[in-house]
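Enquirer: Prediction below, plus the sequence it came from.
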Amino acid sequence: MGRGVLSFPLTSFRSDGGLDIDGFRAHVATQLAAGPGAVFPACGTGEFFSLDEQEYTRVVSVAVEEAAGRVPVVAGIGYGWAQAVRFARVAEEAGADALLVMPHYLVAAPQDGLVAQLEQIAARTPLPLIAYQRGPVAFGVDAFLRVARIPGVIGLKDGHSDLDRLQRLTLAAPEGFLFFNGAATAEIQARAYAAVGVPAYSSAVHAFAPEIANAFFAAVREDDDDLADRLLRGFYVPFVELRDRAPGYAVSLVKAAARLRGRRVGPVRAPLTDPCAADMADLESLLTTGLDLVGADL
């Protein structure tokens, strides 16, 4: 999974809010054509929190069908462990290769509880698990080592960007344990994460501009600091500034950018909202600039 950008496809909805499975299939096919290291359907960017089990089944099944064994398919699961297990069973039946365990819902929990959550899920699915520490989930070294010893837990995705804590975890990790940079707009911190032993990262930008995402990935891997800095200054930093204008833009801006490129992904579902007209205009201008930097067209 570290050989290419990790793709987190958007879930396509119709204007009436219903699932557009044909639009999703086309979107996943476009994502796969860009050569990602893995595909993660029904995760945060894919609005997992808005899907019922039937919709989730269809989304994961289509991702598996389109991937056809070429790259791993890692499906998102979440909420409390009992609900997470229900989604895990669906993902297993659909043919997913592994699961990303997203943060639990609502409550804060002690370290023992965070470990127990993963123990309960791992005991009930044969699929490998990647824990996602973000929001209410943050492991200390002792709890992390207990997590890493749970049979079936193969990795950790980090969304906190606490590099001091993360370095302690990578140094303590057993050999072969996987780490992923899951920061929002992960490219901003990709080189810093790589410096503490976490080169693999997810890319929301890949969902609408794989040309930009792949160019940045190659620049970092090839130590082309000039190109990486130009992409950061000209596209990624302004994109983060635009993203920070409103809650939920980490998803809705990505979906809006995909629509600007003619992708059939539709609107976001409530409680998210689509960007306002002024922000859409700024997004289109920024997208054009980013594509120009890598020699691509809108």
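Expert: Ah, there it is. Everything quoted here is computed from the prediction, not taken from an experiment.

Enquirer: and the longest helix for this protein?
Expert: helix 277-293 (DSSP state H).

Enquirer: what are the ranges of the strands in the stretch 51-200 of the chain?
Expert: 74-77, 98-101, 129-133, 153-158, 178-181 (DSSP state E, counting those that start in this stretch).

Enquirer: of all these, which lies closest to residue 11?
Expert: strand 74-77 (10.4 Å; Cβ to Cβ). Yep, even glycine has a C-beta here, placed from its N, CA and C like the rest.

Enquirer: Could you give the average pLDDT over the longest helix of the chain?
Expert: Mean pLDDT, computed over helix 277-293, is 98.

Enquirer: so what does that helix touch, helix or strand wise?
Expert: helix 210-221, helix 225-231, helix 237-243, helix 249-260 (3 or more Cβ pairs under 8 Å, 6 or more residues apart in numbering; DSSP states H and E).

Enquirer: which parts of stretch 168-176 are buried?
Expert: Within stretch 168-176, the residues that count as buried by 16 or more other Cβ atoms under 10 Å are 168, 169, 170, 173.

Enquirer: err, stretch 207-227, not the other one
Expert: Buried positions in stretch 207-227, judged by neighbour count with 16+ other Cβ under 10 Å: 207-217, 219-220, 227.

Enquirer: Which residues outside it are in contact with it?
Expert: 4-5, 7-10, 30-31, 34-36, 45, 187, 190-191, 194, 199, 203, 205-206, 228, 231, 235-236, 254-255, 257-258, 260-261, 263, 287, 290-291, 293-294, 296 (Cβ atoms under 8 Å, 6 or more residues apart in numbering).

Enquirer: From those residues, list the buried ones, please.
Expert: 4-5, 7-10, 30-31, 35-36, 45, 187, 190, 199, 203, 205-206, 228, 231, 235-236, 254-255, 257-258, 260, 263, 287, 290-291, 293-294.

Enquirer: what comes up buried for stretch 151-158?
Expert: 152, 153, 154, 155, 156, 157, 158.

Enquirer: ugh, wrong one, stretch 92-99
Expert: For stretch 92-99, the neighbour count (16+ other Cβ under 10 Å) marks 92, 94, 96, 97, 98, 99 as buried.

Enquirer: just stretch 261-276 next, same as before
Expert: Buried, per 16+ other Cβ under 10 Å, within stretch 261-276: 263, 264, 265, 266, 267, 268, 269, 272, 274, 275.

Enquirer: still on that earlier bit, any chance of the strands of the stretch 51-200 of the chain in JSON lines, with mean pLDDT and distance to residue 247 too?
Expert: Below are the strands of the stretch 51-200 of the chain laid out as JSON lines (pLDDT from 0 to 100; distance: least, Cβ to Cβ, whole Å):
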{"stretch": "strand 74-77", "mean pLDDT": "98", "distance to residue 247": "20"}
{"stretch": "strand 98-101", "mean pLDDT": "98", "distance to residue 247": "22"}
{"stretch": "strand 129-133", "mean pLDDT": "98", "distance to residue 247": "20"}
{"stretch": "strand 153-158", "mean pLDDT": "98", "distance to residue 247": "22"}
{"stretch": "strand 178-181", "mean pLDDT": "96", "distance to residue 247": "22"}
